[in-house]
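K.L.:
What would the 3D arrangement of this be:
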Amino acid sequence: QSVWEGQLCLAMSTSVEEIQAPIDTQIDTIDQQANALILSSLLILLITLAVLLFALSLLSSHMAKPLAKMATNSKLVVQNIGADSAELHQRLAKEGHPRPQWGDVGEVMELRGRFVGLW
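P.N.:
Predicted coordinates:
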């Protein structure tokens, strides 16, 4: 390389070990940090997955209880169509629902009879 307006030529010689040694020590540190980063990322992913699965199971259990209760009540209502609705009203009264003032489920047969009587 020319320096000072072409007056001097500078040449430099360095051994390979002197250049490569600091790089080798940095490679070990970089490998350790990369492994730590990968492990911490996997740990965060697993914790997030566990929290998400817990939240989904909690949500599904809370959603399933009213649906199961509704299915049981619907079955009871269907079984009481056209029959005595005393059992239905007793069960609803135990759950805290007031007895309806507009009529009973057993009135379906009476309504069918009136409808047939129109013809």
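
K.L.:
So residue 43 belongs to a helix, correct?
P.N.:
Yes: under DSSP: H, G, I helix; E, B strand; the rest coil, residue 43 falls within a helix.

K.L.:
Pull the number of nearby residues for residue 13.
P.N.:
A count of nearby residues for residue 13, using other Cβ atoms under 10 Å, gives 4. Bear in mind the C-beta positions are built from the backbone N, C-alpha and C, glycine included.

K.L.:
Oh, that last question was meant for residue 73, not what I typed.
P.N.:
Residue 73 has 15 neighbours, counted by other Cβ under 10 Å.

K.L.:
mind checking which helix or strand it is in?
P.N.:
Assessed by DSSP states H and E, residue 73 sits inside helix 16-80.

K.L.:
Which secondary structure elements does that helix sit against?
P.N.:
In this structure, helix 16-80 makes packing contacts with helix 86-94, judged by 3 or more Cβ pairs under 8 Å, 6 or more residues apart in numbering; DSSP states H and E.

K.L.:
quick one: average pLDDT of the helix it packs on?
P.N.:
The average pLDDT for helix 86-94 rounds to 69.

K.L.:
Low-confidence stretches in this structure?
P.N.:
Applying pLDDT under 70 to the chain flags the ranges 1-10, 76-89, 91-92, 97-119.

K.L.:
Pull up the gap between residue 64 and residue 71, please.
P.N.:
Going from residue 64 to residue 71 by Cβ to Cβ, to the nearest Å gives 10 Å.

K.L.:
And residue 39, by the same measure?
P.N.:
From residue 39 to residue 71 the distance is 47 Å (Cβ to Cβ).

K.L.:
likewise residue 94?
P.N.:
Taking Cβ to Cβ, one finds residue 94 at 18 Å from residue 71.

K.L.:
just residue 20 next, same as before
P.N.:
Distance of residue 20 to residue 71, computed by Cβ to Cβ: 74 Å.
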